[in-house]
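Undergrad: I would like the atomic coordinates for the input below:
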Amino acid sequence: MVTQPVKKTKAAVRKKVWMEIVAPALFNGQSLGETCLYEPQEVIGRVSTVNLSVLTRDPKKQNINVSFRATQISQGKAQTELYKYLLMSTSIRRMARRGKSKIDDSFVAISADGKRVRVKPLMITRTKVSKSLQTALRMGFRAQAIKQLRKMSVADFFKAVIMSKIQREIHDALKKVYPLGICEVRHLEVLPGEATPLPPEAAEPETPQSEGKPETPQPEEKPAEEASAE
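TA: Below you'll find the model as predicted:
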């Protein structure tokens, strides 16, 4: 009996395509590079990290990395949003020297557009300071950052940090507590999920004041009977 030859069919070969990833409007849609993928939708959620000096053409920003997350496809390109700002650890080590106090913190604040943002400040004093003064500076930075973020969208807050506007404003506000040598944001990141935006009439936190001279105690008033007896 003659057997019929079995025809072999070639499996369809999936070809990858290249897609360009571009920065948001804050950086004028500059190219962040290209990625290779099978389907265009696979790019959604991918993260690209770039040195800030490359995007701003400013060598002073080479100690900062920024990360973008692809959110949508438009005109054949992957559009992104800025979600992380990070000061390099090597730069932090150069800032912190002997005879100075290095103050760190980490807290979550809510932006005007309802985003949860992790903020990690870095403050370095001119000389060694007490623990109580470090706490006052830490709480002062936190209060000012929460106040500013409450009035701004995440995109505007990132822009203000990249331009060092937020750092300058907080530095000036904290002069009432102690004149800092360095006041920086070392980590800024948008967290997943949304929070309920705060009402505009919500009370704003106050910046702690430095400890002044103790109040002079006032003499107690004598009762009327004792005063008349004298």
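
Undergrad: which residue ranges form the strands in this protein?
TA: Under the criterion DSSP state E, strands of the chain are mapped to 17-22, 31-37, 47-51, 64-74, 77-87, 102-104, 107-110, 115-125, 180-194.

Undergrad: strands paired with the second one, and their directions?
TA: Put plainly, it is strand 31-37. Its sheet considered, strand 31-37 pairs with strand 17-22 (antiparallel) by DSSP bridges.

Undergrad: re the thing from before, can you tell me which of the strands of the chain is nearest to S164?
TA: strand 180-194 (8.6 Å; CB to CB). Backbone N, C-alpha and C define where each C-beta goes, glycine included.

Undergrad: which elements pack onto the closest one?
TA: Contact here means 3 or more CB pairs under 8 Å, 6 or more residues apart in numbering; DSSP states H and E; on that basis strand 180-194 packs against strand 77-87, helix 89-95, strand 115-125, helix 154-162, helix 165-173.

Undergrad: closest to L137 out of these?
TA: Evaluated over these, closeness to L137 peaks at strand 115-125, with 5.7 Å, by CB to CB.

Undergrad: now do that closest one against strand 77-87, angle only.
TA: Angle, strand 115-125 to strand 77-87, by axes from the mean of the first three to the mean of the last three CA atoms, to 10 degrees: 30 degrees.

Undergrad: give me the distance from strand 115-125 to the chain's centre.
TA: Centroid separation for strand 115-125 versus its chain: 6 Å, with CA atoms, centre = their mean, to the nearest Å.
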